[in-house]
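Visitor: Structure, please.
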Amino acid sequence: MPGVLVADHVARLATLVSLYGALAMAAWLLLLVMRRDRRERRRAVDQETMRNLTREIVAMLSDRSGALPAFERAQPNARLAAIGNIGQLVRGEDRAQLIAFVEEQHLLDRAVRDSDRGSRRKRVEAIRLLGKIGGPSALDALGRALREDDDADVRLEAAAMLARLDGLPPPDEFIAQLGLTEKSITPLHRALFRTLAADRPAELFAIAGADLPPPIRALVVDALGWTEDFAALEPLAAAANDPHGPVRVAAIDSASRLGHPAAARWIIRLLDDPEPPVRARAIRACQSMGLRAGLPAIARLRQDPSPWVRLRAQQAEQALGAA
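Guide: I've put the predicted structure just below:
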């Protein structure tokens, strides 16, 4: 009958669809297994290559005459990855020899070229690679990116890598290269200037009293506390009289970090500052430096209009009273 024939035909079609569907699923699963197997094999080969490269390069640091078969066979990216990993572990003479080897083999030439051309992502990747390895070529390329790149974020990335290599420029040039007069100051800017303070304290002292925009002046004053130099106390005392509250806050923080008692007089005076953030920071400095002479003013601040100042005053009074 026609109805039975149609039903049989539909049943056969359903069977074939199920069969081919199962075969397709099996083929797909097999493909996934094969891809995973290839990936794991490739990873094993890469790990073995990295071990061989690391072994050869480390041996080369003590004996430059040895053969480098794995290094000769490896791709440029693998060579740089191995050198970057070793560079984070070695110091002193070994690191100097590693950098000399990199320069001799021209291993950074491509990264140097990529750091000033191509897409933003490509430039950032090249800059990070240069910062990881270092050396004269890397410093030159990073300095050029900081000075000349049109993208502010790329310049900031170059600055971070230069900080890692102790290669930041003088603070006045650094301010101009980052375009800080036109930007909001971020925690990364503060971290960079604190790094700069360890290498260029005298130059920071020189510009601390310059006619800078208040946010940049606060940035410089904040960095003075990281110089670990008591010569910073004089510009900090001047900054304590700055008409802008954030600059006075930065002066308190820097003086507190230095911990010299010569700053006590003006820190205690700032307990009566008209701005609550300054009063709160002065209370914290008195507590951290153990300035019991500030206790009478701190006791009065228990009645301050600002709840944050009142909380700080209570904590400091308890800490200093128990000391």
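
Visitor: Now the closest residue to residue 114 other than its chain neighbours: which helix or strand?
Guide: Spatial nearest neighbour of residue 114, excluding adjacent residues (C-beta to C-beta, 6 or more residues apart in numbering): residue 126 at 3.7 Å. C-beta coordinates here come from the backbone N, C-alpha and C atoms, glycine included. For residue 126, the host element (DSSP states H and E) is helix 120-133.

Visitor: Quick one: mean pLDDT for that helix?
Guide: Average pLDDT, helix 120-133: 91.

Visitor: ok, residues contacting that helix?
Guide: Residues outside helix 120-133 that contact it (C-beta atoms under 8 Å, 6 or more residues apart in numbering): 80, 83-84, 87-88, 99, 102, 107-108, 111-117, 137-138, 141-142, 145, 149, 151, 153-154, 157-158, 160-162, 164-165.

Visitor: what's the answer for stretch 253-267, then?
Guide: Contacts for stretch 253-267 (C-beta under 8 Å, 6+ apart): 221-226, 228, 230, 232-233, 236-237, 240, 252, 281-282, 284-286, 288-289, 291, 293-294.

Visitor: about what we covered before: quick check: buried residues in the helix holding residue 126?
Guide: 123-133 (16 or more other C-beta atoms under 10 Å).

Visitor: With respect to residue 12, which of the residues you listed is nearest?
Guide: Closest approach to residue 12 among those (C-beta to C-beta): residue 125, at 57.4 Å.

Visitor: picking up where we left off before, now do the helix holding residue 126: distance to the chain's middle.
Guide: 13 Å (C-alpha atoms, centre = their mean, to the nearest Å).

Visitor: for the next helix or strand after it, the distance to its chain's centre please.
Guide: Sequence order places helix 136-148 as the next helix or strand after helix 120-133, per DSSP H and E. Relative to its chain's centre, helix 136-148 lies at 17 Å (C-alpha atoms, centre = their mean).

Visitor: do the same with stretch 142-158
Guide: From the chain centre to the centre of stretch 142-158 is a distance of 15 Å (C-alpha atoms, centre = their mean).

Visitor: Give the rounded mean pLDDT of that stretch.
Guide: 93.

Visitor: Other residues contacting that stretch?
Guide: 115-116, 120, 123-124, 127-128, 130-131, 159, 161-162, 165, 167, 169, 177-179, 183, 188.

Visitor: now with 10 Å?
Guide: 112, 115-116, 120-121, 123-128, 130-131, 134, 141, 159-165, 167-169, 173-174, 176-179, 182-183, 186, 188-189, 192 (C-beta atoms under 10 Å, 6 or more residues apart in numbering).

Visitor: Tell me the buried residues in that stretch?
Guide: In stretch 142-158, counting by 16+ other C-beta under 10 Å, buried: 142-143, 145-146, 149, 154-158.

Visitor: ok, now stretch 300-309?
Guide: 301, 304, 309.

Visitor: outside of that stretch, which residues touch it?
Guide: Contact with stretch 300-309 is made by 271-272, 275-283, 294, 298, 310-314, 316-317, as judged by C-beta under 10 Å, 6+ apart.

Visitor: try 8 Å this time
Guide: 271, 276, 279-280, 283, 310, 312-314, 317.

Visitor: Just the buried ones from those, in ChimeraX syntax?
Guide: Buried residues among these (16+ other C-beta under 10 Å), as a ChimeraX selection:
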select :271,276,279,280,283,310,312,313,317
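
Visitor: Which members of the contacts of stretch 300-309 define the maximum pairwise distance?
Guide: Checking these with C-beta to C-beta, the most distant pair is 276 and 317, at 17.3 Å.

Visitor: ends of stretch 289-298, how far apart?
Guide: 14 Å (C-alpha to C-alpha, to the nearest Å).

Visitor: Find out how far it is from the centre of the chain, if you would.
Guide: From the chain centre to the centre of stretch 289-298 is a distance of 37 Å (C-alpha atoms, centre = their mean).

Visitor: Any buried residues in it, and which?
Guide: 289, 291, 294, 297-298.

Visitor: thinking again about what came up before, quick one: which of the buried residues of stretch 300-309 is nearest to residue 60?
Guide: Nearest to residue 60 among those, with distances taken as C-beta to C-beta, is residue 309, at 61.5 Å.

Visitor: who's in contact with residue 13?
Guide: By C-beta under 8 Å, 6+ apart, residue 13 has no neighbours at all.

Visitor: What strand or helix carries it?
Guide: helix 2-62.

Visitor: quick check, distance from that helix to the centre of its chain.
Guide: So, by C-alpha atoms, centre = their mean, the centroid of helix 2-62 is 40 Å from its chain's centroid.
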